[in-house]
Structures are given as C-alpha cells and as structure tokens.
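# For reference, the sequence and a predicted model appear below.
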Amino acid sequence: MDIPAKYEAAKIEEKWYQYWLEKKYFHTEPDSREPYVNVIPPPNVTGVLHMGHMLNNTIQDVLVRRARMLGKNAVWVPGTDHASIATEAKVVAKLKAEGIDKSSLSREEFLKHAWEWKEKHGGIILEQLKKLGASCDWNRTCFTMDEIRSDSVIRVFTDLYEKGLIYRGVRMVNWDPDAKTAVSDEEVIYTEENSKLYYVKYKIENENSYVIIATTRPETILGDTAVCVNPNDKRFTHLKGKKVIVPMVNRVVPVIFDDYVDMEFGTGCLKITPAHDINDYEIGIRHNLPSIDIFNDNGTLSEAAELFVGKDRFEARKLAVAELEKAALIEKIEAYNNKIGRSERTNSVIEPKLSMQWFLKMENLVKPALAAVENGDVNIIPAKYKNTYRHWMENVRDWCISRQLWWGHRIPAYYLPGSNEFVVAGNEEQALEKAKKHTGNNSLTIKDLRQDEDVLDTWFSSWLWPISVFDGILNPENAEFKYYYPTNDLVTAPEILFFWVARMIIAGYEYPKNKPFSNVYLTGIVRDKQGRKMSKSLNNSPDPLDLIEKYGADGVRVGMLLCSPAGGDLLYDDSLPEQGRNFANKIWNAFRLVKNWDIDDSIPQPEHSRVAVEWFDAKFNQTVTQLNQQFDSFRLSEALMTVYKLFWDDFSAWYLEIVKPEYQKPIDKITYYKTLDFFKKLSLLISPFMPFITEELWQFMKEERDVESIVTAKWPESVNTKSDLISSFEICTEVIAGIRTIRQEKNLPLKEKLSLQIIAHGFYDNRFDSVIKKLGNLEGIDFVKEKPVLSAGFIVKSQEYFIPVGNLINKDEEVKKLEDELVYTEGFLKSVIAKLSNEKFVNNAPSKVLENERKKQADAESKIAILKEQISGMKGQ
RNA sequence: GGGAGCUUAGCUCAGCUGGUUCAGAGCACCUGCCUUACAAGCAGGGGGUCAAUGGUUCGAAUCCAUUAGUUCCCA
C-alpha cells in the first residue's frame, strides 16, 4: 500500500466533512434511543471565528461525538445570534463609509440594509465551524431573529407583561452616547484612567463666603440641584439651613445632609446632580430634589443646561473650566485617577442617564433558578462558579430589557393616540382589538397606534435558546421538544454566566418548568503567552483558519484541549497545535508501519508477541475505564492526555516495538490481525478528539470495521482486566530500561547482542522474558548464583540483573554507584523504622497503611542486604 | 470598599476522602542516536523547601489561621 510518510491533513479534511454531510450522520430525529442534546452558544451572526470559539466548539464536538458513539441519539443544534448592538454598530459603520448617515434613514430603510448585511455576512462563522469538524445538525440551524425565534420572544414578552412582571419606569441607565442606547451594567467596562479633580467654589447665599467642592466633571455643575455634606462632619455644621449658588448658572440650591458623603474625599462637600450620577440620583430621591437632565442622547448639552447648548460633553467640560477660571471660581486642579466606565461595544464613555426603559422584575423569577444550582439539578463545572452564581442570584436587580436600537425584536407595546397609555399584544391586529376594548373607541385603526420604538436586549431572545430551538415556547407539546428538552450539556465562557446561563435557567423554570440543561461546562478564556486576553485591538489572536491550514483541524483541536482544564485559562502558544499535529503524524506513521507488514500464514506467533497482545489488551481495557471516568467528570484535557499516552507510549513505543518483525521479514497472522484490531479500537478512542485522521484510517480498515464511518461506530466497552499482568509488564519495562542505560553508558552498539544474568531472590516472574530478550537485544537470559565478574548491574524489585561488559567496567564507579544507593536506602529504612516505632502511629494509622510501611521496611532491608553483598563482592575482585 | 478563586519543575497544569498514585504529567531542556513507521522521530537523563509563616495531627502539597503576590466578579 502506498501511504505518504507525512500526514497531510489538508488533503483529507474537506473530503471527509463532505462525506459526513452527505451521509447525514449529524442529523437526527426523535426515536427510541436516549437523546443527547447540546445547543451551541449562538455566535454573533456577523462574527468571524476567534480562538474562544475554537476552544468552545472543540469541547462541544468532543462531547457530542463521544455521546454519539455511546449509542445515544446525539444532536448538536447550531445557530446564530442577531447581536443587536454589535450588528447595528457594524451596519451603521458600513453605511457611514458609504456616506449614509443612519439618522437620514427611516427604520424600514435601515432594517433593509441590516438584513442585506446579515444575508451577506451572516453564517460565515458557521461555515468556519465546519472546517473545525463540528458535527452540528445543520438542518436545524436557527437564528434568533427567524420567525419561530422572533415569535417566541414576543410571546414571552406579552406573557410576562400579562403576569405583571414587565413594567416601564424611569431609571438611571448606562447610556452609550455613540450607540445612543442604554447598555446593561455587564456591558460597561471600568478602567482606571487619568483625569483631573477640579476644586470649585460655590458661593453661600447672602454671605461673602464659599464652600469648595471637588468634582471630576465640572460640566455637570449645570445640572446641580443641591450641595451635600455628611451630617457628622463638624466642619460644615454652620451650613445647616443655608443655600448656595451654583456657579455659571447662578441657581440657588439647598445644602443637604446625608451619610453617603465620604468626609475624607475631596473637601468633604459634594455637589448633587441627580440626573447624571447614580449615587446623586439616589440622594435626590431621598431628599426630594429636582433633577435637571443637561444632556441630549448623543452626549451634547441640551437646552436645560442653559450654557454650551449643542456642545459635546467633553468640549463643554473645557468650556466650563474656562468659564469658572474666568470667574475665579477654581481654587485648584489636581491630577486624579478614577474609574471610568466605557461601553464594551463602542468604547464610548458611559453617561449615567435617566431614561424611560422597560424592566423585568427578577426577584421571584430567580428563585427556582437559584435552587436548581444549589440542589444540583443544574451542575456547574467547575464547581467554584457556584459561589459566583449564588452571589449574583441573591443580589439580582431588575433587568433592563429595552435598547434604543432598530436591529432586534421590537417591543410589542402600542401607544394609544396622543397618550402614554399603551397595550401589549403579539401583533398589530391584536393590539388594535385591545386598544378598542381599552378605550371603548371602535373607530380606532392600526394607523392610530404607535408601536414603541425600542427593541429588546439581545439576551432577551437568547435566554430562550434551548427552548426556542425546539419550538418549545410556541408549541410546548410538540414531539421534538418533548424528546430533546431538557438538553444535556452547555459549553460556554464564564464571562456570560450571568448574561446568559443564569437567564436560560430562569426561563427554563418559568416556561417548560424544567431545567434547560443538566451540566454547564465553563471553558477558560484563551489568552496569549503573556496572559493577555486575545482581542482584535491587541492584534494578538491568530486566525483560526490559518492554524487549521497549518496544523490541520485535528492538530488544532488537540492543541486547544491539551491545555484547557475546565474554568482554567488557556495560554495559547503555537507549540500547542504543533504538538497536536505531531500526534497526528505519529498515528499516521504507526498505521503505515502496520499496513505495510507482509503476512505469512505459515509462521507461528512468537512468544513475545503472544504476551504483548495479552498485555496490551489488558492495558487498553484498563485505560478505557479510566477514560470513561474522565469524560464523565468533564476532565477533557486529562482524557485526551490518557489517550495520547496510550497510543504513543504503550502502543507505539512498547507494543509495536515488541511485535514488529525484523526488517523485511513477515509477521504471523494472529499478531497481525490482533494489531489491526487494537488499531481500530484505538482509533475509536481518539476519534472524538481527532475526527478527521481517524476517519481516514477507518476507511483503510475496511475488513476490520463493522460500520462504514467512524462517526457512527461504537465506543469500546471496558471490561475488567488483569491488573497483575500490567504491573508485571511495568517491571519488564524497568529491566529493559536498565539494559538500555548500560548500553548507553558503556557505548555498546545497538546491534551487538548482550547477555543478561540474573540472581533471582524468591519468586521470579518470567512471563515477559521473551520481551526483555527482544527489546534488550539479548542473546540469552541466564540465572546465576553469584555476581559475574566484569559486569554492570542494576536492581529491580529485589531481583539482581547483570550484563557482562568485559573491560569496559570501571570498578570504582560501580562501587560508588552502589554505595550511593546504599546510603539512600538506609536513610529511607531509617525513616520507615522511625514511623513504625512510633506507638501513636501504630495505634492510629489504618491497617492498610501499616501493612504498607512494614512492606517498605522488608523491601528496604532485603535491598540493603543485596547492595552490601554486591559492594563487598566488587571490592573483593 | 465587599465577595470568590488561584500560587506545585523553565512553561501549562494534575494531585478527588490527610497515609504507595506523593511529590506527578505533557511540553521545554540536556546527552547520545539520520537503528528502513515516524528527526513532526528514538533511547537515556537532570530539574520542585508544593508562595511565606504559624497551628491542628502519629502523619500536611492536601485541613485551619495570618501574610504576600495574583486573577475574576460586584460596587
């Protein structure tokens, strides 16, 4: 057979992926089997694959492929998220580049552009996932804004509204003046930035004195409605009942007293701007202060500011400082570091702003979701995130679900003509009916109603994802939903534990009244070698597709998994996929070796091959048991390493080397077919991690396989094995290593046959002597009573081994080696005896531990005897 | 400021109920090999006061406390 010496992933990956699709191996329908369900965390519809996706989707694919091999009806539902803010921002930017301003377009016109953009760029990421080998059921691909998903969102909104859980209210929100929308707390990133602290003089009314107030935002002085001090602050007791004059606008405002003020900060005297600071807002409510909103939605100053109207807030700050300086109202300016919140999407400085928003009451909704994680119905991996989850759920605030955008699910609230009253309904017709009933005015038409301009937060659609992908909101009784829900494993990043995971659990208990999934596997964050998060702005993220091209999808998958324990960050380096690629090459070459053997029916199976088969069979079965445990506890990195070592160390370095016939000699039939069978079974274990190369090999194994594709093959059974054989083989490997070490130390050529002489003490296990003979390249193994002259030796488990090496022996060196070992062993024995003569230890330690210590003592004592004898023997020579 | 976690070999990490899995793995490193499956390889080897201190215990990487460094979440 002609198989190239280097494995070339690029040549086969595309072929097998197409083959899997044609055969519809990834598609499932409900049947009598147990389902295994995984829904993809929907990537942004216009996004491109980054390293985080690679990690996340590799893990999902490994889980899904193994479940499929376990005989479950495994389905992985793919899809994309409309991602309101991110997508709208991209469309706005694209239009801007074409000279079109969003504000010049109607809502309908803008949405037309947005949909065009989605059609053009949407789903690229899904095509990229195919390159990775993701075994998604593509027929089930969903989009959070397709018909079923949109209708589900609207249905849920109206339902929650009718339950009294959705309300409209004025709230302080995080306003993004660039995107002109409110963003959630979670979407604001706070960082330390250099700014300035301005000490401004406020004149006390009817007095010729001032209070000094430190502020980082002098432009907001225009919105001040009070000055506040701590009631315990003795410096300001004289201000009781006084009023001060706000600079620039000369507004007279009261001095109020509130515990909130930190006496240590600044001058201990705080200006209160209820419209533009969350704490001021709360103080404002407590003290019944008016609130003056001085900003427009785009961050420029409004008419209410009186000064600098129309100027940008940062421009206004400069102007305000100049104005204050002109009036000699600035006492000093200090450099100051403070935390500035910026929008995750636009990087614009967040403006706290009072605005009318829609909210979902969370207090009661979270209760079953909190309980589910506490009682283990939903299992979070790693468990440390349970604490974080609990903390958030116990301190949950109402969810601001409206966004001032166009791309998304428009809020189904319809305002009555000339009024702020509204009805909430699933569509215009229903809204009209409700409006007529509400007003008693039957002449109303659809045109009289005005739908709310806002859309819903993106998470308000993705929180339904595990339900809505099976149409479980609109048709909760449908057969698919009943079969597939609840799903099994959710794999996602810890950063969206709250935005998404927690809310899905909430929705699960509110709608189908059942958990959305049983396990949440939180991956780490992919970082670069310096520990920095991979990001576009740092330009430190490799393009996943380049990596796949360079190392093969299998290589990249292995690379991602090798270093990613659940919840631990992954410090990415090119050496990782390289290791994966090397592994693929190793597998490839092992296969080449086996497939190129000539078989001779007439030769009997050599003894060394017979025991090797017996041993590897035991080792394989033992490893499958271990592997299953690792999978079941989501220790995927460890599982991969287990398979890696089984193939590389046990199978390639030991088993194949034992059974390998001499150059250009044929192999016996029994060993050949046994080896191919091992290869087949090893491929099965490797295939969830490396689906492409294992499929390629599978196709070469036409005679051995029972199904056409490895995708649908059965995961090997684990049977109980003789661990005795495995430990016996370990001794054999130590003996071989001992021989090899002597060969290397004495510079004995590999081709020169040596003889091994053994002084046996007690029972000598000879089961693997044929193996020792072959791999040690020995001409024979003899048992002797005394140490042969001019020989180098070693001890394994109180058996003495010697290799006669003629004059190459350096007596002094050998004696030194033995003496070193003697010193060590005597020290060891001393510590064991100390333990055993400690009465408290003997009385308290479990018998198993005691037994072990006694065995240690016996072993050490016999070893010391041997060493002493050898040393005196050497010296006597 | 409040909360949670982490610190084990040069790097990334295991170490699950305190005791033969107790100091481990992979990579990297060093030495010798182009031994006809694989140099993307083979064989051999070195390397750690388990962050520090104190405590509990017959026994601590493992449990407790304090400290230092670090990461994340919330404000």
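Received the coordinates, thanks.
# Any stretches of chain A with poor pLDDT?
Within chain A, the segments meeting pLDDT under 70 span A:1-2, A:184-187, A:191-192, A:264, A:337, A:345, A:529-539, A:564-570, A:877.
# tell me, which strand in chain A spans the most residues?
Of all the segments assigned as strand in chain A under DSSP state E, the longest by residue count is strand A:188-204.
# Which positions within that strand qualify as buried?
Neighbour-count burial for strand A:188-204 flags A:188, A:195, A:197, A:198, A:199, A:200, A:201, A:202, A:203, A:204 (criterion: 16 or more other CB atoms under 10 Å). Glycine gets a C-beta too; all of them are placed from N, C-alpha and C.
# same thing with stretch A:41-59?
Of all the residues in stretch A:41-59, those buried under the rule 16+ other CB under 10 Å are A:41-47, A:49-59.
# Ok, stretch A:428-448 next?
Residues of stretch A:428-448 classed as buried under the neighbour-count rule (16+ other CB under 10 Å) are A:431, A:432, A:434, A:435, A:439, A:444, A:448.
# Against RNA strand B, how distant is the second one?
Residue A:432 is 40 Å from RNA strand B, where distance means CB to the nearest atom of the strand, to the nearest Å.
# for whichever strand or helix holds that residue, packing partners?
Taking DSSP states H and E as the criterion, residue A:432 maps to helix A:428-439. In terms of contacts (3 or more CB pairs under 8 Å, 6 or more residues apart in numbering; DSSP states H and E), helix A:428-439 is packed against strand A:413-415, strand A:422-424.
# so is residue A:164 in a helix, a strand, or just coil?
coil (DSSP: H, G, I helix; E, B strand; the rest coil).
# Show me where the stretch 601-750 of chain A has its strands.
Remark: strands assigned in the stretch 601-750 of chain A by DSSP state E, counting those that start in this stretch are A:667-668.
# what do you get for the stretch 751-877 of chain A?
Using DSSP E, counting those that start in this stretch, strands in the stretch 751-877 of chain A cover A:754-759, A:778-783, A:791-796, A:799-804.
# Serialize those strands to JSON lines and add fields for distance to RNA strand B and mean neighbour count.
Converted to JSON lines, the strands of the stretch 751-877 of chain A look like this (distance: least, CB to the nearest atom of the strand, whole Å; neighbours: other CB atoms under 10 Å):
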{"stretch": "strand A:754-759", "distance to RNA strand B": "14", "mean neighbour count": "19"}
{"stretch": "strand A:778-783", "distance to RNA strand B": "15", "mean neighbour count": "13"}
{"stretch": "strand A:791-796", "distance to RNA strand B": "10", "mean neighbour count": "20"}
{"stretch": "strand A:799-804", "distance to RNA strand B": "14", "mean neighbour count": "20"}
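# Dump these to TSV, plus distance to residue A:659.
Formatted as TSV, these follow (distance: least, CB to CB, whole Å):
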stretch	distance to residue A:659
strand A:754-759	21
strand A:778-783	17
strand A:791-796	23
strand A:799-804	24
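# Out of those, flag the one nearest residue A:168.
Checking these against residue A:168 by CB to CB gives strand A:791-796 as the closest, at 79.9 Å.
# and the angle from the closest one to strand A:799-804?
If you take axes from the mean of the first three to the mean of the last three CA atoms, to 10 degrees, strand A:791-796 sits at 160 degrees to strand A:799-804.
# what helices or strands is strand A:791-796 leaning on?
Packed next to strand A:791-796, using 3+ CB pairs under 8 Å, 6+ apart, are helix A:723-745, strand A:799-804, helix A:811-836, helix A:847-876.
# Identify the residue of chain A closest to RNA strand B, quick one.
Here chain A gets closest to RNA strand B at one residue, residue A:840, 3.0 Å apart by CB to the nearest atom of the strand.
# Can you get me a residue count around that residue?
7 (other CB atoms under 10 Å).
# how much space between it and residue A:712?
Distance, residue A:840 to residue A:712, by CB to CB, to the nearest Å: 60 Å.
# If we ignore the residues flanking it in sequence, what's nearest residue A:683?
Of all residues not flanking residue A:683 in the chain, residue A:694 sits nearest, at 4.5 Å (CB to CB, 6 or more residues apart in numbering).
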